[in-house]
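J.: Please work out how this folds:
(chains A and B)
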Amino acid sequence: MGQTKRAGCAVQLAAPEICPLGIDGVLVRFARILSEEANTRAIGFAAQVKAAGLHGVQEVASSLTSVRVAFNPTLTNRADITAQLAEILTQPAHATATPRRAWRIPVAFGPEHAPQLAEAAALAGVTQDQAVKQITSQTLRVIALGFAPGQPYLGMLPPHWDIARQSELTPKMPNGALVAAVRQLIIFAADAPTGWRHIGQTAFRVYQPDAPEPFAFQPGDSVQFCAVGDSELDALRNRGDTNGGAQMSVVT
Amino acid sequence: MPNLMIDSIGPGVTVQDLGRPGWTAQGLSTGGAADRLALLEAAAILGAPLHAGLEMMGFGGVFRTDADTRIALTGAQMQADIDGVPIAPNTSAFLRAGQKLTIGGAKRGVYGYLCFAGGVTTPQIMQSRATHLTAAIGGLLQAGQTLPIGKDPDPSAPALRLTNTDRCAGGVVRVMPGPQTGFFDAKTRARFAQTTFTRSPRGNRQGVRLDHDGEGFTLAGGLNITSDLIVAGDIQMTGDGVPYVLLAECQTIGGYPRIGSILPADIPIIAQAAPGARLQCRFVTLAEADATAISDAQTLKSLRSRCAPIIRDPHDIADLLGYQLISGVTAGDDM
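T.: So this is what the prediction gives:
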């Protein structure tokens, strides 16, 4: 596993931990604390394991800093899978960490659609205009999908965006809301309560259970937000032929 | 295609199969029956492939079909009758078109399953018919609804009974180590293993809370751990150190520390433990845990081999006097 420790990473990760997670699963954990490096490594490793096509592997899922490999115990066993994963860990983490799908998603930042933008900008120590500029000028990455089906955790914003969740929950964040906390953004998947602050609104649906492709995002996708006016967002909401005006391109 | 008519229904009835695995990375948990074994048992009793059935949390309802079909009730024991004639759990029963099937409250356990020989055949979403309430797939069934069911391929098949092991009274569940077990100190783990828990009234398809006397099971370092992947059966500790066992419809990623995972073979014991049932967790080694792995196909095969034909008790035959039982018997003096 020496390869993971050397090479020119800005932050060196400790050797990954290999743990059991269920009688049909192995968890490879790259760090105990979330960092861009650990997340990139996890997403890249998941792609490597999928590409390896190991016998008996049923599912490969990445999260913030780890990857779970689910296997069929009637086709293989923990010892074999663990040995194969350890072998893959010795291989260089190549370009699989580069996003392969790039999204461009319209967001409205007007007062009606961004009730807590001013508050969040103040906590980040910037003006509202600067906040919008910073959020739309950076390419973010889907760190993980979770909490609700298809709901992306997008990161990482610059350190001054390390703003805490509010202690009072917003009872019902609307579907498509762009919310911020702890250097991350989320596009909300459902009308649900949250402590994250509502700083914008998309007409984008991250999860459509009846659609042929129910989930818009995959971990590792890149996301670029672009600002649109409130009226333009309303128009996008009313259109059925596009998912909130979002565009997705495959990076080759 | 035959239909199932719902005349009245309890508040927690959903269509369930074994769920939709494979979407963890997208944030969708497998879902499916809270007590998977009950669906496999029904398949064995009905001599059918594994089909979707109705999962009834605590209370059933009143049902009719417009075609004759064999049915089976598995999981929690619920009061049930067909046109007033009681039917036994874990036994195939014949439901004629138009007859009224009444299923009442759970006498033992939490989740009862009503299964049909041809299965419930509602449309599949992502290769499964399982309702996943938190993911807005399907919903709670309502009175007045009609669901499609499959035709019984062999309505005249002999009735079978499965003598099952009772899993509705709580007891000991086995826990295997997980990625965060070591986050808890040895003393806390030992105390956890020695504690007798009571299944709290707070519970649903996402998870159940376990109550106990005494202090909680907290991490020395507090709650600041990075969220990580969850599997059903995981025992997570909330901020106060109160254990919650996660079930079929849990989230895929969570930030609460988890002391270990209840083995899949013992998850039905947790799912079927009624509020107040006593539970104890026993840690097993990784090797012991892995040795319990068994495929659904193997489980089904073993259940099929345990099904036996029913010898009907005359007390259960309501129209006993209508049977021609004494044909050919004479007083003996007419020869």
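J.: Around chain A, which positions in the stretch 1-150 of chain B sit nearby?
T.: Near chain A, the residues belonging to the stretch 1-150 of chain B are B:21-28, B:125-126, B:134-137 when assessed by C-beta under 8 Å from any C-beta of the partner chain. Every C-beta, even on glycine, is put in place using the N, C-alpha and C of the backbone.
J.: one more time with 7 Å
T.: B:21-22, B:24-28, B:125-126, B:135-137 (C-beta under 7 Å from any C-beta of the partner chain).
J.: Identify the residue spatially nearest to the residue in the stretch 101-250 of chain A that chain B sits nearest to, adjacent ones excluded.
T.: Nearest residue of the stretch 101-250 of chain A to chain B (C-beta to the nearest C-beta) works out as residue A:146 at 3.6 Å. For residue A:146, ignoring the flanking residues on the chain, the nearest one in space by C-beta to C-beta, 6 or more residues apart in numbering or on different chains is residue B:253 at 3.6 Å.
J.: how close does that neighbour sit to residue B:191?
T.: Applying C-beta to C-beta, to the nearest Å, one obtains 28 Å for the distance of residue B:253 from residue B:191.
J.: Which of the two has more residues huddled nearby?
T.: Neighbour count, other C-beta atoms under 10 Å in any protein chain shown: between residue B:253 and residue B:191, residue B:253 has more, with 23 against 15.
J.: Surely that one is in contact with residue A:63?
T.: Yes. Using C-beta atoms under 7 Å, residue B:253 is in contact with residue A:63, at 5.3 Å.
J.: The residue of the stretch 51-200 of chain B found nearest chain A: what secondary structure?
T.: The stretch 51-200 of chain B approaches chain A most closely through residue B:179 (3.9 Å), counting by C-beta to the nearest C-beta. Three-state secondary structure (criterion: DSSP: H, G, I helix; E, B strand; the rest coil) places residue B:179 in coil.
J.: Could you report the neighbour count for it?
T.: The number of residues packed near residue B:179 is 26, by other C-beta under 10 Å.
J.: Report the contact partners of the closest residue to it other than its chain neighbours.
T.: Nearest residue to residue B:179, sequence neighbours excluded (C-beta to C-beta, 6+ apart): residue A:19, at 3.9 Å. Listed by C-beta atoms under 7 Å, 6 or more residues apart in numbering or on different chains, the contact partners of residue A:19 are A:27, A:29, B:178-179.
J.: now residue B:244: how far from residue B:261?
T.: Residue B:244 sits 13 Å away from residue B:261, taking C-beta to C-beta as the criterion.
J.: again with residue A:162
T.: If you measure residue A:162 against residue B:261 using C-beta to C-beta, the figure is 32 Å.
J.: Which ones among the residues of the stretch 1-150 of chain B next to chain A map onto helices?
T.: By the criterion of DSSP state H, membership of the residues of the stretch 1-150 of chain B next to chain A in helices covers no residue at all.
J.: Turn the residues you listed into JSON lines, including neighbour count and pLDDT.
T.: Putting the residues of the stretch 1-150 of chain B next to chain A into JSON lines (neighbours: other C-beta atoms under 10 Å in any protein chain shown; pLDDT from 0 to 100) gives the following:
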{"residue": "B:21", "neighbour count": "16", "pLDDT": "96"}
{"residue": "B:22", "neighbour count": "16", "pLDDT": "96"}
{"residue": "B:24", "neighbour count": "24", "pLDDT": "96"}
{"residue": "B:25", "neighbour count": "26", "pLDDT": "96"}
{"residue": "B:26", "neighbour count": "24", "pLDDT": "96"}
{"residue": "B:27", "neighbour count": "28", "pLDDT": "96"}
{"residue": "B:28", "neighbour count": "28", "pLDDT": "97"}
{"residue": "B:125", "neighbour count": "18", "pLDDT": "96"}
{"residue": "B:126", "neighbour count": "18", "pLDDT": "95"}
{"residue": "B:135", "neighbour count": "25", "pLDDT": "93"}
{"residue": "B:136", "neighbour count": "16", "pLDDT": "92"}
{"residue": "B:137", "neighbour count": "20", "pLDDT": "96"}
